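Novice: Have a look; sequence and predicted model below, questions after that.
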Amino acid sequence: MSETMRNVALFALVGGLIVLTGVMQSWNSALTILNMGLISAIMALGVNLQWGFAGLFNVGVMGFVALGGLATVLISMPPVEGAFAAGGVRILTALVLGAATIVAAVLVQSRLHGKAKALATVVILIAGFFIFRAVLDPGVAAVEAINPALQGNLGGLGLPVIIAWPVGGLLAAGVAWVIGKTALGLRSDYLAIATLGIAEIIIAVMKNEDWLARGVKNVVGLPRPVPREIDLQNDPGFVEQAAGFGVDPVTASTLFVKTQYGLLFALVLVILLLGAQLALKSPWGRMMRAIRDNEVAAEAMGKDVKARHLQIFILGSAICGIAGAMMTTLDGQLTPGSYQPLRFTFLIWVMVIVGGSGNNFGAVLGGFLIWFLWVQVEPVGLFLIETLTAGLSEDSALRLHLLDSAAHMRLLTMGLILLLVLRFSPRGLIPER
Amino acid sequence: MDFLNAIVALSNFVLIPAIAYGSQLALGALGVTLIYGILRFSNFAHGDTMAFGAMVTILVTWAMQAAGISFGPLPTALLALPFGIIGAAALLLLTDKFVYQFYRRQKAAPVILVIVSMGVMFIMNGLVRFIIGPDDQRFGDGARFIISARDFREMTGLREGLAIKTSQGITVITAVIVVAILFWFLNRTRTGKSMRAFSDNEDLALLSGINPDRVVMYTWLIVAALATVAGTLYGLDKSFKPFTYFQLLLPIFASAIVGGLGSPLGAIVGGFVIAFSEVTITYAWKKVLGYMMPESLEPDGLVQLLSTDYKFAVSFVILIIVLLFRPTGLFKGKAV
């Protein structure tokens, strides 16, 4: 069997699994899996760009995904009335002052030397911090006092939600630039810890800064790029069409909406996949892989390793940001409390490794396959445990405990899959060519 | 101006909690640093190893409590600790045999081992949640305080109380004992010396007839002991929840890196550096400053530099500062 045939067969297998879900469970859940699979595939593309192309070990994916989600709120929500006048100006001034402090501290590093440098840095940072807090705190208090039960934040720009997707990418790219400037010089495992920490900090900021996106109080009811189910159900034309297909209007409307989301996501995935594929085949892509395989040799050939690393770190993070914005759009709400590294960083890594790092199609396949398993392992595990413990009495403590714990089967399974692939097929399902 | 009360308040809210937390971090960082020094990779599964060891300890503690065994004023968990260590050691040796050994024989790149440890992390995390569940578990018993705030106030007549929790006292004492044994082992025994030789120069150690499998086995055994002790002490002092152990990974790695990866002494210093910075920067200084300053200057606000939710940011910023100015850590670490 040729390589192409094999790859097509693998994709067909995953497609078949999703269709099987549609037949055995419901088309609704099949479409849900498909939509999140598309988003997961995009995240995996981003990580593959960093790890597969350039060998950068980024375990801060969660942070960039969350930034994309933040962008969705900041772009698409209507502005909160009076919030900007009450404290918005103060907050923005404080942020500019904070940035100026850091810029000043960085400038000092190159201008001064010895003791003067250390002293000036400390003085600038400490003074800057207190000025920042003095300007920021009253503004925050004023904004958070506005209708705290429903708002208490600055709100967004009230633009169409689709615009949030590229903006989410830009936001993630901006943060990635700052991180890359400081952390990319570090050795691979230091970079890993650094990115892990940055992701936690981004989440901490989103949870605590209520003026930004209401923190753990969540933002719900985000605008959507597709019609609402309830509007479709009230539309006589749609109901008639649904009846023509022999489907009741409620099911038809959910399926219709999910399909539309799916088409939008698929479009984004195709564009990004095409771009990544062209990049991989271009001289730029070859240079990246050369740097990955031997940094010293590439540097000797005159390649600017540091700049290329920064470039691809920003690109990969931006893709994760876009995916994050899409995911928040699909959810219709931003819930900072739900971002967990196991789900949003390490699971994406499993997707890339299992699919095949260095191969864009591999990453996409991994995204779909692992997401499918992540969703389906739970019911399957429950079924297995029910079957295995069927001999025990209904209220046996062991049986109840096992049934309770079935939800955690998915972590075990993901670890097992990752280890098995690393051991027996270390280059993934679709290896790099 | 009231220095005595200020010092008492400072000890109560900053020094004592930071010393206890620092001991826990130091024990965790020692495990990370030993694995890095001898097996030469950053073990992402360390937080979950701690959770697993603590979980076995908790289960045995519950069994002991049910059987009516107690340790007087001390927590029963201390009696259960050896069982926890055995459990964690068994798990780690099995993991090594079935997972890590293969890559060691292959001489795989360290970064591959890091990814492998991510897989192990998933499995251990799932295992812990599967067995004990994702919720908070309480298992502390015995006397709650060595000295309570009220007793202290009555004893000294000061306005401020000083409370020392039993768990804090036990943490520090246990940590000192464990570290003393570890350093004695590494510096005085034949096996310990061969471990250090292996860490310094693998080829030379192999040439001088050191058995690598033995070194690796002892490393895992020591790491199991350190991780279980650290995990149990943290659980006694705060509470046991699988997810918080996963999150401990960041401060633990920060401690090990700040001290210099591969240096045991560095891990201990790093643990305290991180713990003290976290606690001092997230503590509301109003009370202490109120005692220290003349009344007219008393601060209005809480004088809290950062909210406690940003404690990750603190360990992270210190990590970055140290790495930028001393890339191998405070004590010269190694680089693979």
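Specialist: Sure thing, it's come through. If you're wondering where the values come from, they're calculated on a predicted model, not measured in any experiment.
Novice: Nearest residue to residue A:218 in space, please, no chain neighbours.
Specialist: Setting aside the residues directly before and after it, residue A:218 is nearest to residue A:335 in space (CB to CB, 6 or more residues apart in numbering or on different chains), at 4.8 Å. From N, CA and C alone the C-beta is placed, and that goes for glycine too.
Novice: if I look at the one you found, how far off is residue A:122?
Specialist: Residue A:335 is 39 Å from residue A:122, where distance means CB to CB, to the nearest Å.
Novice: ok, these two, which is more surrounded?
Specialist: residue A:335 (16 against 12; other CB atoms under 10 Å in any protein chain shown).
Novice: So the more buried one sits against residue A:217, correct?
Specialist: No. Using CB atoms under 8 Å, residue A:335 is not in contact with residue A:217, being 9.6 Å away.
Novice: Report pLDDT for the residue nearest to residue A:218.
Specialist: Per-residue pLDDT puts residue A:335 at 93.
Novice: And it, how far from residue A:70?
Specialist: 12 Å.
Novice: again with residue A:30
Specialist: Distance of residue A:30 to residue A:70, given as CB to CB: 30 Å.
Novice: more neighbours, the two?
Specialist: residue A:70 (27 against 21).
Novice: out of everything not next to it in sequence, what's closest to the more buried one?
Specialist: Distances taken as CB to CB, 6+ apart put residue A:213 closest to residue A:70, at 5.7 Å, once the chain neighbours are dropped.
Novice: In contact with the closest residue to chain A within the stretch 201-336 of chain B, which residues are there?
Specialist: As assessed by CB to the nearest CB, chain A sits closest to residue B:316 within the stretch 201-336 of chain B, at 3.6 Å. Listed by CB atoms under 8 Å, 6 or more residues apart in numbering or on different chains, the contact partners of residue B:316 are A:194, A:197, A:198, A:200, A:201, B:250, B:254.
Novice: For the host helix or strand of residue A:137, which helices and strands make contact with it?
Specialist: In the assignment (DSSP states H and E), residue A:137 maps to helix A:114-144. Applying 3 or more CB pairs under 8 Å, 6 or more residues apart in numbering or on different chains; DSSP states H and E, we find helix A:114-144 packed against helix A:89-111, helix A:210-213.
Novice: got the CA positions of the first one in CSV?
Specialist: As requested, C-alpha coordinates have been extracted for helix A:89-111 and formatted as CSV (Å, rounded to 0.1, in the frame of the first residue of the first chain):
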residue,chain,number,x,y,z
VAL,A,89,-9.1,55.8,30.7
ARG,A,90,-7.4,55.3,34.1
ILE,A,91,-6.9,51.6,33.3
LEU,A,92,-5.5,52.2,29.9
THR,A,93,-3.2,54.9,31.2
ALA,A,94,-2.0,52.5,33.9
LEU,A,95,-1.3,49.8,31.3
VAL,A,96,0.7,52.2,29.2
LEU,A,97,2.6,53.3,32.3
GLY,A,98,3.3,49.7,33.2
ALA,A,99,4.6,49.0,29.7
ALA,A,100,6.7,52.1,29.8
THR,A,101,8.2,50.9,33.1
ILE,A,102,9.3,47.7,31.6
VAL,A,103,10.6,49.4,28.4
ALA,A,104,12.6,51.7,30.6
ALA,A,105,14.0,48.8,32.6
VAL,A,106,15.0,47.0,29.5
LEU,A,107,16.6,50.2,28.0
VAL,A,108,18.6,50.6,31.2
GLN,A,109,20.1,47.1,30.7
SER,A,110,21.9,48.3,27.5
ARG,A,111,22.7,51.9,28.5
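Novice: Give the other helices and strands that it contacts.
Specialist: helix A:114-144.
Novice: quick one: the helix it packs on to helix A:89-111, angle?
Specialist: 170 degrees (axes from the mean of the first three to the mean of the last three CA atoms, to 10 degrees).
Novice: Any buried residues in helix A:114-144, and which?
Specialist: Judged by neighbour count using 16 or more other CB atoms under 10 Å in any protein chain shown, the buried positions of helix A:114-144 are A:120-121, A:124, A:128, A:132-133, A:135-136, A:139-140, A:142-144.
Novice: Show me which residues of the helix or strand following that helix are buried.
Specialist: Beyond helix A:114-144 in the direction of the C-terminus, DSSP H and E gives the next helix or strand as helix A:164-183. Buried positions in helix A:164-183, judged by neighbour count with 16+ other CB under 10 Å: A:164-173, A:175-176, A:179-180, A:183.
Novice: and the direction of the helix or strand containing residue A:324 versus that of helix A:164-183, what angle?
Specialist: For residue A:324, the element it lies in under DSSP H and E is helix A:305-331. Helix A:305-331 runs at 150 degrees relative to helix A:164-183, counting by the same axes, to 10 degrees.
Novice: what helices or strands is helix A:305-331 leaning on?
Specialist: Helices and strands touching helix A:305-331, as assessed by 3+ CB pairs under 8 Å, 6+ apart, comprise helix A:27-48, helix A:54, helix A:61-76, helix A:164-183, helix A:249-281, helix A:283-293, helix A:295-300.
Novice: at 6 Å what do you get?
Specialist: For helix A:305-331, the packing partners by 3 or more CB pairs under 6 Å, 6 or more residues apart in numbering or on different chains; DSSP states H and E come out as helix A:27-48, helix A:61-76, helix A:164-183.
Novice: Please work out how many residues are found near whichever residue of the stretch 51-200 of chain A sits closest to chain B.
Specialist: Closest residue of the stretch 51-200 of chain A to chain B, CB to the nearest CB: residue A:197 (3.6 Å). By other CB under 10 Å, the residues close to residue A:197 number 26.
Novice: Quick check: chain neighbours aside, which residue is closest to it?
Specialist: Spatial nearest neighbour of residue A:197, excluding adjacent residues (CB to CB, 6+ apart): residue B:316 at 3.6 Å.
Novice: For residue 8, pull up the helix or strand it's in.
Specialist: No chain was given, so I picked chain A. Secondary structure from DSSP H and E places residue A:8 in helix A:3-24.
Novice: ah, I was thinking of chain B
Specialist: Assessed by DSSP H and E, residue B:8 sits inside helix B:3-10.
Novice: Report the distance from whichever helix or strand comes after that helix to the chain centre.
Specialist: Later in the chain than helix B:3-10, the nearest helix or strand by DSSP H and E is helix B:16-34. In this view, helix B:16-34 has its centroid 3 Å away from the chain centroid, taken as CA atoms, centre = their mean, to the nearest Å.
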